[in-house]
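>>> The sequence and its predicted three-dimensional model are supplied below.
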Amino acid sequence: MTNSTTSNRNEIRERIEVVDAQFNSLFTAFQRNKRLNPNYLNSDGFKDLKIIFELYSETFHLKGYNYNSLSIETVSTIISGFDCFQQRELIQYLIKTLAKKGNEDEAKKWLQELAILEMKCCLESIKKLKRVIYHFFKLLYKATSYNLYTLILSILSYLFICYLIFLPAYFDCFQLLEIKRITISSSKFWNEIGNILLYLFDFDNKMDIKPYNFFGVLLLVILKVFFVLILVNVLIKELLNKIKLS
């Protein structure tokens with residue numbers, strides 16, 4: 001082993017000790033100030049927590065898998081005094097600092113926590129009547145893309161809604177669409193589902209749908225928008241996650 005290698009390792013060990021000591025000191029001070037000073041979070045708490053996340057990211061990078069990572073429960077507790085918008089910004093900062101230091105696997109575990117906070121922020125904005133339509137669709141997007149189970153549930157729910165909408169109306173005054181189905185299966189249910197899938201994916205051989213009035217046109221537009229929303233979740237979710245890590 002060369003002298004330069006030994007020197008580099010000693011420098012890394014010294015850096016780990018310094019950063020780890022700074023992290024533990026500031027983290028302890030943050031918890032103490034949060035407990036004893038009611039105005040701390042409104043003054044220096046937000047800034048101090050960002051510094052804590054920076055130190056944590058560097059320590060985690062230097063120690064690697066030998067380092068006990070912050071749990072979601074611990075972070076949720078220390079950011080609980082901030083509003084949902086501040087919490088979202090803090091978790092975004094944590095993700096970016098982790099990724100910047102080369103800890104992408106550790107950063108990825110916080111993406112779902114960020115998604116939860118983004119949904120809370122959307123709900124809060126809707127309650128305050130701020131850009132309601134925008135935040136409503138953003139909330140739907142975040143909810144459907146939260147994990148694989150919510151995505152599957154969204155797809156099944158969407159198909160069920162289409163199934164109900166495309167059923168013949170009991171009263172003529174409620175008839176919005178003229179539908180000419182093609183025969184795919186002897187089962188009425190599977191024939192309906194097959195026709196819906198062919199229509200959604202725009203195959204050449206598919207059922208023909210014509211709106212009777214403006215409300216029928218609006219209904220078809222809404223169905224297409226939600227279908228595209230689900231497809232976008234499937235196709236570019238990973239791409240968006242990578243952007244968040246950059």
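Perfect, I can see it now.

>>> Run through the neighbouring helices and strands of the host helix or strand of Ile193.
For Ile193, the host element (DSSP states H and E) is helix 188-200. Helix 188-200 sits against helix 148-165, with contacts defined as 3 or more Cβ pairs under 8 Å, 6 or more residues apart in numbering; DSSP states H and E. Just so you know, the C-beta spots here come from the backbone N, C-alpha and C atoms, and that holds for glycine as well.

>>> mean confidence score for the following helix or strand past the helix it packs on?
Downstream of helix 148-165, the first helix or strand assigned by DSSP H and E is strand 177-180. Strand 177-180 comes out with an average pLDDT of 80.

>>> buried stuff in strand 177-180?
For strand 177-180, the neighbour count (16 or more other Cβ atoms under 10 Å) marks Leu177 as buried.

>>> For that strand, which helices and strands make contact with it?
Packing partners of strand 177-180 (3+ Cβ pairs under 8 Å, 6+ apart): strand 208-211, helix 214-245.

>>> what's the offset of the helix holding Ile193 from the middle of its chain?
31 Å (Cα atoms, centre = their mean, to the nearest Å).

>>> Equivalent analysis for stretch 86-101, please.
Distance of stretch 86-101 from its chain centroid, counting by Cα atoms, centre = their mean, is 14 Å.

>>> Now do the buried residues in it.
Judged by neighbour count (16+ other Cβ under 10 Å), stretch 86-101 contains these buried residues: 86-91, 93-101.

>>> okay, which residue is most central for the chain?
What sits nearest the mean C-alpha location of the chain, by Cα atoms, centre = their mean, is Ala115, with 3.1 Å.

>>> Helix or strand for that residue, just tell me which one.
With secondary structure defined by DSSP H and E, Ala115 is part of helix 111-127.

>>> Show me what that helix is packed against.
Packing contacts for helix 111-127, counted by 3+ Cβ pairs under 8 Å, 6+ apart, involve helix 72-78, helix 84-100, helix 132-144, helix 214-245.

>>> In the helix or strand following the second one, which residues are buried?
Meaning helix 84-100. As assigned by DSSP H and E, the chain's next helix or strand after helix 84-100 is helix 104-108. Neighbour counts using 16+ other Cβ under 10 Å place Glu106, Ala107, Lys108 of helix 104-108 among the buried residues.

>>> okay if I get the residues you listed as a markdown table plus pLDDT and distance to Leu167?
Below are the buried residues of helix 104-108 laid out as a markdown table (pLDDT from 0 to 100; distance: Cβ to Cβ, whole Å):
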| residue | pLDDT | distance to Leu167 |
| --- | --- | --- |
| Glu106 | 83 | 49 |
| Ala107 | 85 | 46 |
| Lys108 | 83 | 43 |
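
>>> Pick the most deeply packed of the helices and strands packed on helix 111-127.
Most buried of these by mean neighbour count (mean count of other Cβ atoms under 10 Å) is helix 84-100; its value is a mean of 19.

>>> Show me what that one is in contact with.
With Cβ atoms under 8 Å, 6 or more residues apart in numbering as the test, helix 84-100 has contacts from 46, 49-50, 53-54, 56-57, 60, 75, 79, 82, 104, 106-107, 110-111, 113-114, 117-118, 120-121, 124, 244-246.

>>> quick one on the thing from earlier: just the buried residues of the helix holding Ala115, please?
111, 113-122, 125-126.

>>> Extract the residue ranges of this protein that are flagged as low pLDDT.
Applying pLDDT under 70 to the chain flags the ranges 1-8, 64-68, 168-174, 231-246.

>>> How many residues are close by the residue lying closest to Lys63 once chain neighbours are set aside?
Once flanking residues are discounted, Lys63 sits nearest to Ile16: 6.3 Å by Cβ to Cβ, 6 or more residues apart in numbering. The number of residues packed around Ile16, counting by other Cβ atoms under 10 Å, is 16.
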